[in-house]
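Asks: Need a 3D model of the following:
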Amino acid sequence: MTTCPAPQLAASLIGAPTDIGAGARGASMGPEALRVAGLQAALERHDLQVADRGNLNGPANPWQPPVDGYRHLPEVVQWNRLVFDAVYAELQQGRLPILLGGDHCLGLGSISAVARHCAETDKKLRVLWLDAHADFNTSALTPSGNVHGMPVACLCGLGPPELTGLAGMPGGGPALRPQQVRQIGIRSVDAGEKRLVHEQGLEVFDMRAIDEIGMRQAMQQALAGMDDQTHLHVSFDVDFLDPAIAPGVGTTVPGGPTYREAQLCMEMIADSGRLASLDIMELNPALDVRNQTAEVAVDLVESLFGKSTLMRVPPLK
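Replies: Sure, this is the predicted structure:
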């Protein structure tokens, strides 16, 4: 009797070339830098069937000061609607969407699409937010008005209705509950933002926690409780990494995970077998050195899909 081979996992690259929510220019060039660094070929080495959908075409960055607490809110909304539609379409086809940012405000569109899809397919959603920043600001807490510092708060219902209602969830609730989020690598949080994070009950594995318990135990806790009905979304802000290995970001914060700590993080996510959607955000080639940061990011993303230093038999799923 012959057996059919397992179906090949299908992934889609979606470029979102904008720095509309950021405080520095340059993240709009991130998608091309990731392509130049060989992202598609790296993924195809791990038996993924990869389709590059090209770049979304949204409004230009007007580079204006904040209005009523937000910079470029109409343009941010337009970009996130484009991202929502693109990511949602790939999920409906049973594909794994990989959003190439662009600044991290775009996580609003991608995670809103994932949340909507999970609600419609009766899946449990877990979000891993790999970042130096909690991104849990509101317009009342930050004078900059930069929306790339607000996406997690907006996803949890704290923000303008144009963004908090993007997912169109059944019953009209927010895309996420704080209990669905695990933040890893955090080391830069404003005072008011810190109070809000505690009030909302986010589970945060900041760099002190990682120093104290190690990346292995932090990831074990962050991944605990998932099962076959869990959709795992990873939102990877490249400033998660220590700037010594990843200088090409607009908001560097010293003291991030080392290369080996980051590799372990990615390999443990891969071991879970639950990864179903991904953002790669805030890569800024204008601040990089010979595309070094893009190459490190591609190397780490490859580990999310099976590249491993393991010399032993991998764990059973």
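
Asks: In space, what's closest to L82 - neighbours in sequence excluded?
Replies: Nearest residue to L82, sequence neighbours excluded (C-beta to C-beta, 6 or more residues apart in numbering): L56, at 4.7 Å. Where C-beta positions appear, they are placed from N, C-alpha and C, glycine not excepted.

Asks: who's in contact with that neighbour?
Replies: Counting by C-beta atoms under 8 Å, 6 or more residues apart in numbering, L56 makes contact with I14, G15, A16, P17, W79, L82, V83, A86.

Asks: Can you show me the helices along this protein?
Replies: Taking DSSP state H to define them, one finds helices in the chain at 30-36, 39-44, 73-92, 107-121, 151-155, 161-164, 191-200, 207-223, 259-272, 292-304.

Asks: Quick check: which of those helices is buried the most?
Replies: Of all the helices of the chain, helix 151-155 has the most neighbours on average by mean count of other C-beta atoms under 10 Å, namely a mean of 30.

Asks: which residues are contacting it?
Replies: Here helix 151-155 has contacts from 21, 104-108, 111-112, 115, 129, 134-138, 147, 159-160, 163-164, 174-176, 181, 183, 196, 202, using C-beta under 8 Å, 6+ apart.

Asks: From those residues, which land in strands?
Replies: Among those, the members found in strands (DSSP state E) are W129, V181, Q183.

Asks: and W63, how many neighbours does it have?
Replies: Neighbour count for W63, taken as other C-beta atoms under 10 Å: 10.

Asks: any idea how far it is from A294?
Replies: Distance of W63 to A294, given as C-beta to C-beta, to the nearest Å: 24 Å.

Asks: go on, K124?
Replies: Following C-beta to C-beta, the distance that separates K124 from A294 is 33 Å.

Asks: Could you do V67 as well?
Replies: 33 Å.

Asks: Ok, S272 next?
Replies: 25 Å.

Asks: for I213, same thing?
Replies: Distance, I213 to A294, using C-beta to C-beta: 31 Å.

Asks: do the same with D68
Replies: Noted for D68: a distance of 36 Å to A294, by C-beta to C-beta.

Asks: And for G165?
Replies: Where A294 is concerned, G165 sits at a distance of 34 Å (C-beta to C-beta).

Asks: Then A119?
Replies: Applying C-beta to C-beta, the value for A119 to A294 is 34 Å.

Asks: and what of V301?
Replies: Applying C-beta to C-beta to V301 and A294 gives a distance of 10 Å.
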